[in-house]
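> Would you be able to build a 3D model of this:
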Amino acid sequence: MNFIAMDFETASPKRFSACSLSLVVVRHNQIVDEFYSLINPQTPFSWRNTQIHGIHESDVVNAPTFPDIWQHINPFFAPDKLVIAHNATFDNSVLKNTLQHYQITLPAYQTLDTLRTSQKLFPNLPNHKLNTVADALNIELNHHHNALDDAQACADILIHQAQQFGAQQIKPFIKMIG
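Got it, this is the predicted structure:
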């Protein structure tokens, strides 16, 4: 399978407050490239979000804003591209709301949620959180809520699922956004 695994962390509960992003590029079930960046969300941080991911307002003072990053990553979001995430509802909404916040048009792209595929393909797990699924599949996840580590684990989960169950079992979970 060919896809891009995406993970956002946010500065606050506001879905336009992206403070870090990672994209992991997979071609033929192999990770071939990675992108990670802190993002200056130009909005205050919530102590709760900082507690979860460990990113502080001072960490992003000199980081690029989302529009600066978007000009480099927007080719990954096209109708012929599959962008996956674990709990994709969250990550897709962060992308959508951040783009809207900066008055950038939401592109059309395909998406798949490995939370949903895991619920279907591994029904006996105690829950389907990223760290639980990664642990069950012996996938390394060193720093949960680090965007790069989470995107890598998400990519490895879908690679594992595609290899174990076949791409045809995965295709019904693909949806179009935009």
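> And the helix or strand hosting Ala162, what's buried?
Taking DSSP states H and E as the definition, one finds Ala162 inside helix 147-165. By 16 or more other C-beta atoms under 10 Å, the buried positions in helix 147-165 come out as 147-162. Using the backbone N, CA and C atoms, a C-beta is placed for each residue, glycine as well.
> Now it: average pLDDT?
Helix 147-165 shows a mean pLDDT of 97.
> Who are the packing partners of the helix or strand just after that helix?
Downstream of helix 147-165, the next assigned helix or strand under DSSP H and E is helix 167-170. Packing partners of helix 167-170 (3 or more C-beta pairs under 8 Å, 6 or more residues apart in numbering; DSSP states H and E): helix 147-165.
> packing partners for the helix it packs on?
If you count contacts as 3+ C-beta pairs under 8 Å, 6+ apart, helix 147-165 packs onto strand 3-10, strand 18-27, strand 30-38, strand 82-85, helix 114-121, helix 130-136, helix 167-170.
> Which residues belonging to the third one are considered buried?
Burial within strand 30-38, assessed by neighbour count using 16+ other C-beta under 10 Å, is assigned to 35-38.
> so which of the helices and strands packed on helix 147-165 gets nearest Asn97?
Asn97 lies closest to strand 18-27 among those, at 8.6 Å (C-beta to C-beta).
> I'd assumed His28 was in contact with Ile159.
No - look at Ile159 against His28 with C-beta atoms under 8 Å: they stay out of range, at 9.9 Å.
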